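**Student:** Would you be able to build a 3D model of this:
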Amino acid sequence: MRPETLLAGLPRLVRVADETRWRGQCSVAAALVVAAFWACTWLLGEPVRPDRTALAAAASAVPPLVAGTLGGARRVRRTLLGAVRPPRSTLHETLAASRDRRMRLASVVLTGIVALLLFDHFTGGGGVMAGLVAGLLAGLGASDWVESHRWESAERERETRIFVIVRPDALSPRLAPQEVYETPRPGAGRERRHEPSPFDLEI
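**Tutor:** A predicted model of the protein is given here:
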């Protein structure tokens, strides 16, 4: 068996802050696209129900946003209590592999969104499904975006890099990681006594 085949089957490490930030940005962007689609439908005179759509958006956005805002900091602190060094049988995900995995995840999510919007159109939902989808994505995206800043703050405080494992056949890590791994931040342990002083003269 070739070494590349063995490496391809190993679990991959991805930085939690980067993954949650990307997931939050994509969710918010998708919510804006769905909202723009609904607005275009309304401007074109299609039968839509603005009041029910707005209520559906609020009902689906508030729970994930409140849960992520109120319990996010506590969840991050609790998760960091069990942080350990990465297992030896793992490798860091490359940029190419990360780009491919995220593109596949985005295609699956977008296909699901289109299917839901088509279902709403053919069943005469009046755009309510668009409100549900946009609200849910906006709530989850904002929650992930805020959580990514918490992970970055934890990295700065602990002077480490925090990772989570993604299985080879998975499209994304868990929404709420149960176990994270730490490595020293590059340059964090560097001694400064051999660095030149700002008062040294160049001779």
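**Student:** in the chain, which spans are helices?
**Tutor:** 3-8, 16-43, 50-81, 95-122, 128-158 (DSSP state H).
**Student:** tell me the angle of the longest strand that the chain contains relative to helix 95-122?
**Tutor:** Of all the elements of type strand in the chain, the one with the most residues (DSSP state E) is strand 160-166. Angle, strand 160-166 to helix 95-122, by axes from the mean of the first three to the mean of the last three C-alpha atoms, to 10 degrees: 60 degrees.
**Student:** where are the low-confidence patches of the protein?
**Tutor:** For the chain, applying pLDDT under 70 flags the ranges 1-9, 175-177, 187-203.
**Student:** burial measure for the closest residue in space to A142 that isn't next to it in sequence, as a count.
**Tutor:** Excluding its sequence neighbours, the residue lying closest to A142 (C-beta to C-beta, 6 or more residues apart in numbering) is L65, at 5.7 Å. For every residue, glycine as well, the C-beta is placed using N, CA and C. Each residue near L65 was counted by other C-beta atoms under 10 Å, and the total is 18.
**Student:** before we move on, the earlier item: and the helices of the chain, which is most packed in?
**Tutor:** Comparing these by mean neighbour count (mean count of other C-beta atoms under 10 Å), helix 128-158 comes out on top with a mean of 21.
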